[in-house]
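A.B. asks: model the structure of this input:
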Amino acid sequence: MDGALLYDLLSWMSPSYPIGAFSHSGGLEWAVEEGLAVDRATTQAWVLDWMTLGGGRSEARLFAFAHSAAARGDRDALLEIAELAQAMGTSHERRLETTAQGATFRRIARAAAPCLALTMLDGVDDEDLAYPVVAACLMAGHGAPLDVALTAYLHGVVSNLASAAQRLIPLGQTDGQLLSAGLRQPAIEAARDASLADPADPFAAMGQAGLIADFAAMAHETQYTRLFRT
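C.D. replies: You can find the predicted model right below:
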């Protein structure tokens, strides 16, 4: 991978990439209010479970399958993954979180980093476009290898959750960095695991067991005091 592509990956997955990621916590706000995430250790455990057992695990596989389909130019397979991704929203806020970021990501990517692969998603409406699918499509379209692209994606998600925890708990700046560093190896392993899943049978790879995180997203919808949209 050359330096230009690395630069682009860092830009696309940067917290400063304007897709509104700062306004989402993935249910973490409810976990903080309920005392399930109260410091660096408990927050790291929460994010780790989400990434390896829950919604993050499914997102990684959706990303991998979308990347594979886009890289080989299989539009039918890509649209099938896009449909599966939006159908897997386990609550109103989960769906809002992924589609709001996905639609904005596509709009910016079309202007700032256009590629042929992105046009494969032209038939998908904004309200049905999941963030990991369009991110994978862009990275595949620019030739980013799957393992590198997926690691970059998971790093972006982890960084956003760490930033949310810094504002919610709050965690200090150093603890925020330690949280991210503590999740480095699990993120690499999660990316490797997802990249080995069989793209020929995506439905068989979609198991997850992050029930508390899903309940948190549902409970957040009626949480009285909220800083985040999700």
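A.B. asks: from here on, just use CA atoms for contacts and neighbour counts.
C.D. replies: Will do.
A.B. asks: which helices and strands sit right next to the helix or strand harbouring residue 60?
C.D. replies: Using DSSP states H and E, residue 60 sits in helix 55-71. For helix 55-71, the elements it packs on are helix 40-52, helix 75-87, helix 131-141, helix 146-168, helix 184-195, judged by 3 or more Cα pairs under 8 Å, 6 or more residues apart in numbering; DSSP states H and E.
A.B. asks: pLDDT averaged over it - what is it?
C.D. replies: Averaging pLDDT along helix 55-71 yields 95.
A.B. asks: stretch 193-203 too?
C.D. replies: Averaged across stretch 193-203, the pLDDT comes to 82.
A.B. asks: how about it: buried residues?
C.D. replies: Across stretch 193-203, burial judged by 16 or more other Cα atoms under 10 Å covers 193, 194, 195, 197, 199, 202.
A.B. asks: render the CA-only coordinates of it in CSV, please.
C.D. replies: Written as CSV, here are the backbone C-alpha positions of stretch 193-203 (Å, rounded to 0.1, in the frame of the first residue of the first chain):
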residue,chain,number,x,y,z
ASP,A,193,-11.5,-12.8,11.7
ALA,A,194,-14.1,-10.9,9.5
SER,A,195,-11.8,-11.0,6.5
LEU,A,196,-11.8,-14.9,6.7
ALA,A,197,-15.6,-15.1,6.7
ASP,A,198,-17.1,-16.8,3.6
PRO,A,199,-18.5,-14.1,1.3
ALA,A,200,-20.5,-16.8,-0.6
ASP,A,201,-22.8,-17.2,2.4
PRO,A,202,-23.1,-13.9,4.3
PHE,A,203,-26.2,-14.9,6.1
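A.B. asks: in the chain, what spans have low per-residue confidence?
C.D. replies: Under the criterion pLDDT under 70, the flagged ranges of the chain are 203-205.
A.B. asks: chain center to the helix holding residue 60: distance?
C.D. replies: Here the centre of helix 55-71 is set off from its chain's centre by 10 Å, with Cα atoms, centre = their mean, to the nearest Å.
A.B. asks: what does it contact?
C.D. replies: 50-51, 75, 77-78, 81-82, 85, 117, 120, 132-133, 135-137, 139-141, 143, 146, 150, 154, 190-191, 194-195, 197, 199, 202, 205-208, 210, 213-214 (Cα atoms under 8 Å, 6 or more residues apart in numbering).
A.B. asks: repeat the analysis, applying 7 Å as the threshold.
C.D. replies: Here helix 55-71 makes contact (Cα atoms under 7 Å, 6 or more residues apart in numbering) with 50-51, 75, 77-78, 81, 85, 117, 132-133, 136-137, 140-141, 146, 191, 194-195, 199, 206, 208, 210.
A.B. asks: now these: which count as buried?
C.D. replies: Buried members of these, scored by 16+ other Cα under 10 Å, are 50-51, 75, 77-78, 81, 85, 117, 132-133, 136-137, 140-141, 146, 191, 194-195, 199, 206, 210.
A.B. asks: can I assume residue 23 is in contact with residue 226?
C.D. replies: No: the criterion here is Cα atoms under 7 Å, and residue 23 misses it with residue 226 at 10.5 Å.
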